[in-house]
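Peer 1: coordinates only, sequence not included:
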């Protein structure tokens, strides 16, 4: 017979369990940055692995020395990347002091008037359309200084994260064998080889994926740089680098890059002697960026990623799009690596499944 004491004890136990779960979730939420550091360190380790293997096999480096050398090279590249921001920030800070938003608004109105005159020759009434859109009043160029300030704030606050990622990456790379041996001890014997083989295969494919991503961004960087140099945009090298790097976010990244290059191109043409060319140059740069992105989307991306992770371009597109709908931008970034890992595990454990056979026939 269930007594009131038993019920009370059950309620207390349930409350304690719920409280423990809540505290655990709260704790995980508070240390979410640590998981981000771990994820970034894992990516660094995957990118660094081929370099370490080259140093060990071709140049006969000791393992620890190869790890230190590789991380030092990556750190130097990062420092060089950061230093590239210095002239950009100095130049744009100077340009902001010259910004005449009233003149910019006047130039924009002048362009709109020319467009209206052009369409009126074809009996297209743009007055009503412009009035309904209310474009001139809805555009506020005061957002430009706020954007630059936010960018500087983000760049100035990642020192601790950099040190943490380097520290974690070093031990991921240095003690790989130790981690593998320790991991073996907790694996069930009947699945040990399958799991370890899956991990090895995933590491190989993801290393190829991230190297492919670097190649893709390099190609895009060259195309962006050519466009910016043709139209004489200030700090073309660093702007091309930043906007190419944003391509790490599939499909959305190029849109952000386009907005950013619009802002920076306009800032580079502030001043009495250049402001008249601001809008025309910005339009030409946007057209150039659009052509570069079209080449990347239809040529570079399908070829590089379909070969690096052995997946069909349409398959990659659907996975990225679905992940974006469910998890947002972060989902789009991690979609291909996670999907690749799932495919490898599925092929290892369910090789006879007809769906798995179709999806993993090239793995």
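Peer 2: Here it is on my side, so go on. This structure is a prediction, so every number in the text was calculated from the model and none was measured.

Peer 1: Show me what counts as buried in stretch 215-231.
Peer 2: Along stretch 215-231, these residues count as buried under the neighbour rule (16 or more other C-beta atoms under 10 Å): 216-217, 219-221, 223-225, 227-228, 231. No exception for glycine: its C-beta is placed from N, CA and C like everyone else's.

Peer 1: In contact with residue 212, which residues?
Peer 2: Contacts were defined as C-beta atoms under 8 Å, 6 or more residues apart in numbering; by that measure residue 212 touches 304-305, 307-309.

Peer 1: just the residues you listed now: which is nearest residue 21?
Peer 2: Relative to residue 21, the closest of these is residue 309; by C-beta to C-beta it sits at 36.3 Å.

Peer 1: pLDDT value on that closest one, please?
Peer 2: Residue 309 is assigned a pLDDT of 72 by the prediction.

Peer 1: Touching, residue 357 and residue 350? I think so.
Peer 2: No: taking C-beta atoms under 8 Å as the contact criterion, residue 357 and residue 350 are not neighbours in contact, 9.2 Å apart.

Peer 1: element containing the spatially closest residue to residue 264 that is not a sequence neighbour?
Peer 2: Distances taken as C-beta to C-beta, 6 or more residues apart in numbering put residue 239 closest to residue 264, at 5.3 Å, once the chain neighbours are dropped. Counting by DSSP states H and E, the element that carries residue 239 is helix 236-245.

Peer 1: List the buried residues for that helix?
Peer 2: Burial within helix 236-245, assessed by neighbour count using 16+ other C-beta under 10 Å, is assigned to 236, 238-244.

Peer 1: Please identify which of these is nearest to residue 315.
Peer 2: Using C-beta to C-beta, residue 244 comes nearest to residue 315 of the buried residues of helix 236-245, at 24.8 Å.

Peer 1: Just want to check the distance between that closest one and residue 320.
Peer 2: Relative to residue 320, residue 244 is positioned 18 Å away (criterion: C-beta to C-beta, to the nearest Å).

Peer 1: Then residue 355?
Peer 2: For residue 355 relative to residue 320 (C-beta to C-beta), the value is 20 Å.

Peer 1: Show me which of these two is the more surrounded one.
Peer 2: Relative neighbour count places residue 320 above the other of residue 355 and residue 320, with 22 against 9, counting by other C-beta atoms under 10 Å.

Peer 1: just to revisit the earlier point, any chance of TSV for the buried residues of stretch 215-231, columns pLDDT?
Peer 2: Converted to TSV, the buried residues of stretch 215-231 look like this (pLDDT from 0 to 100):
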residue	pLDDT
216	84
217	86
219	88
220	89
221	89
223	91
224	91
225	89
227	89
228	87
231	85
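
Peer 1: Closest one of those residues to residue 345?
Peer 2: Proximity to residue 345 was ranked across these by C-beta to C-beta; first place goes to residue 216, at 25.8 Å.

Peer 1: Tell me who's in contact with the closest one.
Peer 2: Under the criterion of C-beta under 8 Å, 6+ apart, the contact partners of residue 216 comprise 247, 296, 300-301, 304-305.

Peer 1: Make CSV out of those and add pLDDT.
Peer 2: Compiled in CSV, the contacts of residue 216 are given as follows (pLDDT from 0 to 100):
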residue, pLDDT
247, 81
296, 82
300, 73
301, 71
304, 72
305, 70
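
Peer 1: Pull out the buried residues from the residues you listed.
Peer 2: Listed as buried from the contacts of residue 216 are 247, 296, 300-301, 304-305; burial here means 16+ other C-beta under 10 Å.
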